[in-house]
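[1] Need a 3D model of the following:
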Amino acid sequence: MTEAAVGIYAILAHKLSMIESYVAQGNASPYTLSLAFPQVFWTTFAAIILLQVALLYFSPVPEAQPALKWFARLAAPLVLLGFVILWYNFMSLSHWNFGQIFSIKPTVTGINYWVMWFAFLNANIAYWATMALSMPDYTRFAKSQFAQAIGQVPMPFMMLVIAVLGVMTTGAIEQVYHVAIWDPILASTLYLSPTLAILLNALFLLATFSVNVFANTVGPAYDFANTFPRKLTWFRGALIVIAVSIALGAWTYYGSAYGYLYNWLLTYGGLLGSVEGIIIFDYALIRRFRFELTDVFWSRGRFRYWRGINPAAFITFIIVEFIIYAPFIPYHDIVFSNSWLLSFLLSGLIYVPLMTQWVIPKYQPELRGSIFKRGYASNEVLTVFNNKEM
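    So this is what the prediction gives:
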């Protein structure tokens, strides 16, 4: 968001030469504009945070968050339009030749190549894992089960389209200007006409703003609010999320592709993989998509376990994260490069036997069944789902 705003400033102030000097030194990344204009960057950064707070404030949950809903409807088509315009212009400048990017030879070979390949795969899964965890926070407002399912179908295809457009655009830029700029904001600021560049940067500002609000703020705000519902509203949870995000300084990882991949995506992918593994194996394998809905909202219900903590989940998470992050683990580079997949699978292998052999018999003895035969459920749940007793 801030980068796009600074790009607009550089165009209007006729200071593109400062950006060009950084690119000439080999510094062409989403962090370039902040290095060229730090005062403008951080002032704009603060202003955009305030704008985000205002949008969240006028999106109360009891009213189905109307401001966020209309903002999403406005942003989605405009964002796609921005990427298509950028792609068309650079492809035209290159006479529709982007093949030079495919002539770049890998810098690693052999086993290291496959380590990197799996690292990219896990990083992309981790990228989507945030939205996967947050999706129920949006589908809860859907008109029907059918509507929420159909609404999610276009997402992976949109991701594929944006990725293809990005690769082709980067290839076209390298073909024409002999520099590989993969940041769309930097590319439009430097090489397109001022009017078009300002328009595109405005669209990219809208894109990053919408992603930051929907993917990075809404879901975690619910998590904080649900942790202390007596003290925290959803908006207060959103304020906590913003404060934590500023403290983490996550934007600094975008300075290099390596930092973004390893220091950010793979790092939090190892965390989310374990969380998602525990949730999915519990819900899909152990309970077969059935559970005591009333008890979820009851502090003394079946899901209280040991003092409000599920010991199987806690032990699983600790063991898995130790394996993923401990540097002295054998073949640690390979383990970390597969952080999401390994943490997901290991969580299932550890969590399922702990639950079925220890936690369910001790803390949920009223559940009956097995993972090999329709999962575990109580008699009440079986009645609701019209199943015969096990």
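[2] In this structure R236 contacts N226, no?
    No. Between R236 and N226 there is no contact under Cβ atoms under 8 Å: 11.9 Å. Heads up, the C-betas are built off the backbone N, CA and C, glycines and all.
[3] of the two, who's got more company?
    Higher neighbour count among R236 and N226: R236, with 14 against 11, using other Cβ atoms under 10 Å.
[4] per-residue pLDDT, that one?
    On the pLDDT scale, R236 is placed at 90.
[5] Report the contact partners of it.
    With contacts taken as Cβ atoms under 8 Å, 6 or more residues apart in numbering, R236 has the following neighbours: F224, A225.
[6] can I assume it sits in a strand?
    No. With DSSP: H, G, I helix; E, B strand; the rest coil as the criterion, R236 is located in helix rather than a strand.
[7] show me what contacts S94?
    Applying Cβ under 8 Å, 6+ apart as the definition, the contact partners of S94 turn out to be G171, A172, I173, Q175, V176.
[8] hmm, try it at 10 Å
    For S94, the residues meeting the contact criterion (Cβ atoms under 10 Å, 6 or more residues apart in numbering) are Q100, M168, T169, G171, A172, I173, E174, Q175, V176, Y177.
[9] so which one among the residues you listed has the lowest pLDDT?
    Among the contacts of S94, Q100 carries the lowest pLDDT, at 73.
[10] could you pull out the strands for the stretch 1-150 of the chain?
    Counting by DSSP state E, counting those that start in this stretch, the stretch 1-150 of the chain yields no residue ranges for strands.
[11] Nearest residue to G7 in space, please, no chain neighbours.
    Take G7 and drop its neighbours on the chain: the residue closest to it by Cβ to Cβ, 6 or more residues apart in numbering is T189, 3.9 Å away.
[12] Point out where the stretch 1-150 of the chain drops to low pLDDT.
    1, 62-64 (pLDDT under 70).
[13] quick one: the helices in it?
    Along the stretch 1-150 of the chain, the segments classed as helices by DSSP state H, counting those that start in this stretch run 2-12, 16-24, 32-36, 38-57, 66-93, 111-134, 136-139, 145-152.
[14] Dump these into a markdown table; add distance to T267 and mean neighbour count as well.
    Formatted as a markdown table, the entries for the helices of the stretch 1-150 of the chain read as follows, by distance: least, Cβ to Cβ, whole Å; neighbours: other Cβ atoms under 10 Å:
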| stretch | distance to T267 | mean neighbour count |
| --- | --- | --- |
| helix 2-12 | 22 | 22 |
| helix 16-24 | 27 | 14 |
| helix 32-36 | 22 | 22 |
| helix 38-57 | 23 | 15 |
| helix 66-93 | 27 | 16 |
| helix 111-134 | 9 | 17 |
| helix 136-139 | 23 | 16 |
| helix 145-152 | 26 | 12 |
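[15] circling back: ok, so of the contacts of S94, who is nearest W70?
    For W70, the closest of the contacts of S94 turns out to be T169, at 29.7 Å, with distances computed as Cβ to Cβ.
[16] Do I have it right that the closest one meets G82?
    No. Using Cβ atoms under 10 Å, T169 is not in contact with G82; the gap is 11.5 Å.
[17] Show me whatever sits in contact with both of those two.
    When contacts are counted by Cβ under 10 Å, 6+ apart, T169 and G82 are jointly contacted by P184, S188.
[18] Can you give the contact residues for stretch 366-381?
    281-295, 302, 352-353, 355-356, 360-361, 364-365, 382-385, 387-390.
[19] let's see it at 7 Å
    Residues from elsewhere that reach stretch 366-381 (Cβ atoms under 7 Å, 6 or more residues apart in numbering): L285, I286, R287, R288, R290, F291, E292, V352, T356, I360, E389, M390.
[20] contacting residues around the fourth one?
    The one in question is R288. Going by Cβ under 7 Å, 6+ apart, R288 touches R374, G375.
[21] how far away is it from I162?
    Counting by Cβ to Cβ, to the nearest Å, the separation of R288 from I162 is 36 Å.
[22] Without its sequence neighbours, what residue ends up closest to L261?
    Spatially, and ignoring its direct neighbours in sequence, L261 is nearest to A123 (5.1 Å; Cβ to Cβ, 6+ apart).
[23] so what's the residue most central in space within the chain closest to, chain neighbours aside?
    Most central in the chain under Cα atoms, centre = their mean is T130, positioned 3.7 Å from the mean C-alpha point. In space, and not counting its chain neighbours, T130 is closest to A215: 5.6 Å by Cβ to Cβ, 6+ apart.
[24] and the helix or strand that contains I315, how far out from the chain's middle?
    I315 is located in helix 311-325, with elements delineated by DSSP states H and E. Using Cα atoms, centre = their mean, to the nearest Å, the distance from the centre of helix 311-325 to the centre of the chain it belongs to is 22 Å.
[25] So what touches it?
    With contacts defined as Cβ under 7 Å, 6+ apart, helix 311-325 is touched by 270-271, 274, 278, 305, 329, 335-336, 339, 342-343, 346-347, 350-351, 354-355, 358-359.
[26] so for it, what's the average pLDDT?
    Here helix 311-325 scores 95 as its mean pLDDT.
[27] Could you point out the helix or strand that follows it?
    From helix 311-325, the next helix or strand downstream (DSSP H and E) is helix 332-337.
[28] Quick check: buried residues in that next one?
    Of the residues in helix 332-337, V335, F336, S337 count as buried by neighbour count, 16 or more other Cβ atoms under 10 Å.
[29] gap between the second one and G270?
    Just to be clear, that refers to F336. 7 Å.
[30] repeat for I101
    Distance, I101 to G270, using Cβ to Cβ: 30 Å.
[31] For those two, indicate the residue with more neighbours.
    With other Cβ under 10 Å as the criterion, I101 and G270 differ in neighbour count, and G270 comes out ahead with 25 against 17.
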